[in-house]
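[1] Make a model of this:
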Amino acid sequence: MSYERYLAICKPLHYSTLMNPRLCLQLAVGSWLNGCLAPAIFLLFLSQLKFCGPNKIDHFYCDTIALMDLSCSDTHQVILLDFILACVFTLPPFLLTLTSYVCIITTILRIPSTTGRQKAFSTFSSHLIVVTVFYGTIIIIHLLPKSDTLRELNKVVSLCYTVLIPPVNPLIYSLRNKEVKAALSKAIRKCGFHKTMQRF
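    Numbering: from 1, shown residues only. Below is the predicted model of the structure:
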């Protein structure tokens with residue numbers, strides 16, 4: 001997504017030739033492989049642990065970090081592996097995204113008209129919000145040290161990036177679409193009118 005925004009803003013005349021279906025497929029497949037490989041490696045190591053204590057997980061769902069707390073094996077290597085995998089699979093995409101945003105912002109600042117700058121900024125601001133929330137939550141979960149004081153925060157944050165972000169993504173991206181805005185405002189008015197009628 002950040003590469004697509006970079007091409008749309010920084011290289012608009014080359015957009016249609018560079019962002020072709022083959023490249024889109026390669027980017028999608030690369031993202032899926034990246035998203036499947038890290039958990040597969042981690043689960044392989046997690047399956048080697050022994051579990052002999054209580055079987056109640058102190059979490060909203062079966063999170064890997066909460067699962068490690070139940071193990072009676074030494075989990076230091078698995079925690080180190082979790083940190084390494086988070087660095088290897090999270091930091092490069094984050095840095096590439098950050099680099100594309102720096103290029104986008106410098107390009108936007110060079111646009112002479114205020115209207116042009118606002119229009120260019122609005123095309124990638126929604127993506128910036130989603131990426132910031134997504135990477136922020138992942139960094140809090142996997143890269144901050146594991147401590148009892150952060151346990152409750154980790155629960156809420158992990159719930160945020162697994163339950164909240166996926167359904168909110170399409171909504172944030174589509175709010176720039178005029179038809180979606182019109183349908184949303186119509187639904188809100190209808191809902192408000194319906195509640196007003198129920199009072200009488």
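[2] What mean pLDDT does the helix or strand encompassing residue 188 get?
    Here residue 188, judged by DSSP states H and E, is contained in helix 178-199. Over the span of helix 178-199, the pLDDT mean works out to 66.
[3] Any stretches of the chain with poor pLDDT?
    123-124, 142-150, 172-177, 180, 192-200 (pLDDT under 70).
[4] Centroid-nearest residue for it?
    residue 134 (3.1 Å; CA atoms, centre = their mean).
[5] can you pull the contacts of that one?
    161, 165 (CB atoms under 8 Å, 6 or more residues apart in numbering). (Each C-beta comes from the backbone N, C-alpha and C, glycine too.)
[6] Next, give phi and psi for it.
    Per-residue torsions, residue 134: phi -60, psi -50 (degrees, to the nearest 10).
[7] distance of it from residue 166?
    10 Å (CB to CB, to the nearest Å).
[8] helices or strands next to the helix ranked longest in the chain in the packing?
    Determined from DSSP state H, the single longest helix within the chain is helix 76-109. Counting contacts by 3 or more CB pairs under 8 Å, 6 or more residues apart in numbering; DSSP states H and E, helix 76-109 is packed against helix 2-10, helix 21-46, helix 64-69, helix 114-138.
[9] Export only the CA atoms of the first one, formatted as CSV.
    Spelled out, that is helix 2-10. This file holds the C-alpha atoms of helix 2-10, laid out as CSV (Å, rounded to 0.1, in the frame of the first residue of the first chain):
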residue,chain,number,x,y,z
SER,A,2,2.8,2.4,0.9
TYR,A,3,4.5,1.7,-2.5
GLU,A,4,1.3,2.3,-4.3
ARG,A,5,0.8,5.7,-2.5
TYR,A,6,4.4,6.5,-3.3
LEU,A,7,3.9,5.9,-7.0
ALA,A,8,0.6,7.8,-7.0
ILE,A,9,2.0,10.9,-5.4
CYS,A,10,5.7,10.9,-6.4
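[10] Buried residues, that helix. List them.
    Residues of helix 2-10 classed as buried: 2, 4, 5, 6, 7, 9, 10 (neighbour count, 16 or more other CB atoms under 10 Å).
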